[in-house]
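Novice: Pasting a predicted model and its sequence here:
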Amino acid sequence: MLNIISKYILPCIYLLGLMQILQVGGVRLGCYLLSAFNFIFILSNWKLLKLDKTGIIKCSLLYVILVLVYQILTPPLSEIYNPYEPLFYHVFITTGISFWIMGYKDNKIMMDLTKKIIAGITIVALLYSFFIMLSYGGVASLSIGSEIGTFLYQTVPYLLLWMSSVLFILNKPLRISIILLFAIVMMLSTKRGPLVTMFVGLIISLLINGRINVKAILSLSLVAFIGYYIIDIYFDTFLSDWLGRWSERDDISNGREEIWDLILNDVSNQDALTIIFGNGYEASHKLTYRFLWNAIGAHNDFIDILYNFGILGLSLFVFLIISYLKNIVIAIKVKFSHADMLAYLIACFLFGSFISSNMTRYATVYFGVFFYYMAGQIERNRNNIIVKQESNTMLL
């Protein structure tokens, strides 16, 4: 039964993303159902997890356990602190572990019909986001404090970034369409982070694939130029607002440096025990609420985790990243067919972790789906090779 569900769960995960963009009910319930599936699926395949040699599963489980312990020990935060949905802290990792198992078992989750469905959902999400931002004349014309302004500026961009990861398993026309649409939507949203993140990820993937050349650079530059030209032609007033927000000259930029300085200065004045174990779940929100303009995360996973979970949590996070990088190295070494996609995913994840918060949003579940699934496939292939080598040795 679980194996049958696993074949069709990917379109459901993409549907949850679309539901979030459409702002329809049921997303939270869907996340809880996904977490329940993950829990049951992981327990029913527990023995397979021991076959992990890169440490990705061990580090993932330890990090999830750490976060759960801190969440249990911390009383629910008041709404004035803008708490994140607690489930978002670990649903992408537990989903990732489930998909690692699917990859190791070689479950066929990327059937032609599945590819068409998730590609269609992604394009619908991009088009809907484009038209709703278009109807407002771009997010720059909205108050960032308004509900719709906050939603279009904070939630939609990174959700679209990670949903667009599907472009690597699509044909060339669809890939170009998704990249172009994404670039235009990001310009309308005035959100710099996801646009730069995708650009960095694409450059890294082209390097890994050995396809970085003048043509590739010109193609990416052309996409950026077309997006800018469309904005310039149709949104003359919006353009000046957009440039102001892009360069952080207006009053609604995230002020990352100010947030980082505040948190790191506070860490430097703490006792050794607090530095080791942290200040508690979402403590950074309480600090920024007290000293800055709003309760807000660090916009940097490393700093956020250090402040909330201490050196202990940061160490687990770093070990988790090292396990990701091990899989990239192995993928390149064995010439894994989707090494470029793995490189794109980890580049986006790392870049996003430095300028944003991957570890606190539902959108990162798409990273978990694709990266862990391919990591499971790589581990399966490695173990099969080892078994064959041992068999050949015994025959000699």
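Specialist: Received it, and whenever you're ready, just let me know what you need. Residues are numbered from 1 along each chain as shown.
Novice: make it CA atoms for all contacts and neighbour counts henceforth
Specialist: Will do.
Novice: burial measure for residue 353, as a count.
Specialist: 18 (other CA atoms under 10 Å).
Novice: looking at it, it is touching residue 304, isn't it?
Specialist: No - Residue 353 is beyond contact range of residue 304, at 9.9 Å (criterion: CA atoms under 8 Å).
Novice: for the chain, longest helix please?
Specialist: Ordering each helix of the chain by length in residues (DSSP state H) puts helix 301-333 first.
Novice: Show me what that helix is packed against.
Specialist: helix 56-73, helix 256-268, helix 272-277, helix 283-291, helix 339-355, helix 365-395 (3 or more CA pairs under 8 Å, 6 or more residues apart in numbering; DSSP states H and E).
Novice: can you tell which of those is closest to residue 79?
Specialist: helix 283-291 (10.8 Å; CA to CA).
Novice: which intervals of the protein have sub-threshold pLDDT?
Specialist: Scanning the chain for pLDDT under 70 picks out the ranges 1-4, 140, 143-145, 211-221, 223-254, 293, 385-396.
Novice: Recalculate using a threshold of 80.
Specialist: Scanning the chain for pLDDT under 80 picks out 1-7, 76, 81-83, 137-146, 190, 209-256, 293-295, 384-396.
Novice: ok, back up a step: wait, which of the helices and strands packed on helix 301-333 is closest to residue 323?
Specialist: Closest to residue 323 of these, according to CA to CA: helix 56-73, at 4.9 Å.
Novice: in the longest helix of the chain, what counts as buried?
Specialist: By 16 or more other CA atoms under 10 Å, the buried positions in helix 301-333 come out as 301-317, 319-328, 330-332.
Novice: Off-centre distance for it?
Specialist: Mean C-alpha position of helix 301-333 versus that of the full chain (CA atoms, centre = their mean, to the nearest Å) differs by 14 Å.
Novice: Likewise for stretch 78-95?
Specialist: That offset, for stretch 78-95, works out to 14 Å (CA atoms, centre = their mean).
Novice: Please enumerate the helices of the stretch 151-300 of the chain.
Specialist: Secondary structure of the stretch 151-300 of the chain, counting by DSSP state H, counting those that start in this stretch: helices at 156-163, 172-189, 192-208, 214-234, 236-246, 256-268, 272-277, 283-291.
Novice: and the second one, what other elements does it pack with?
Specialist: Read it as helix 172-189. helix 112-135, helix 156-163, helix 192-208, helix 214-234.
Novice: repeat for the last one
Specialist: Counting contacts by 3+ CA pairs under 8 Å, 6+ apart, helix 283-291 packs against helix 256-268, helix 301-333.
Novice: And these: which comes nearest residue 292?
Specialist: helix 256-268 (7.9 Å).
Novice: And that closest one, what's buried?
Specialist: Quick answer for helix 256-268 (16+ other CA under 10 Å): 259-260, 262-263, 267.
Novice: Direction-wise, compare it with helix 339-355 and give the angle.
Specialist: 70 degrees (axes from the mean of the first three to the mean of the last three CA atoms, to 10 degrees).
Novice: Can you give the contact residues for helix 256-268?
Specialist: Contact with helix 256-268 is made by 275, 284, 287-288, 292, 298-299, 303, 307, 355, as judged by CA atoms under 8 Å, 6 or more residues apart in numbering.
Novice: Look up phi and psi at residue 278.
Specialist: phi 80, psi -180 (degrees, to the nearest 10).
Novice: so who does it touch?
Specialist: Residue 278 neighbours (CA under 8 Å, 6+ apart): 306-312.
Novice: on that earlier part again, which of the helices and strands packed on helix 172-189 is buried the deepest?
Specialist: Most buried of the helices and strands packed on helix 172-189, by mean neighbour count (mean count of other CA atoms under 10 Å): helix 156-163, with a mean of 24.
Novice: Tell me which other helices or strands that one touches.
Specialist: Checked by 3+ CA pairs under 8 Å, 6+ apart, helix 156-163 has helix 2-22, helix 112-135, helix 172-189, helix 192-208, helix 365-395 packed alongside it.
Novice: now stretch 33-49: how far from the chain's centre is it?
Specialist: Worked out by CA atoms, centre = their mean, stretch 33-49 lies 21 Å from the chain centre.
Novice: Give the buried residues for that stretch.
Specialist: 34-35, 37-38, 41-42, 49.
Novice: Kind regards, and thank you for your time.
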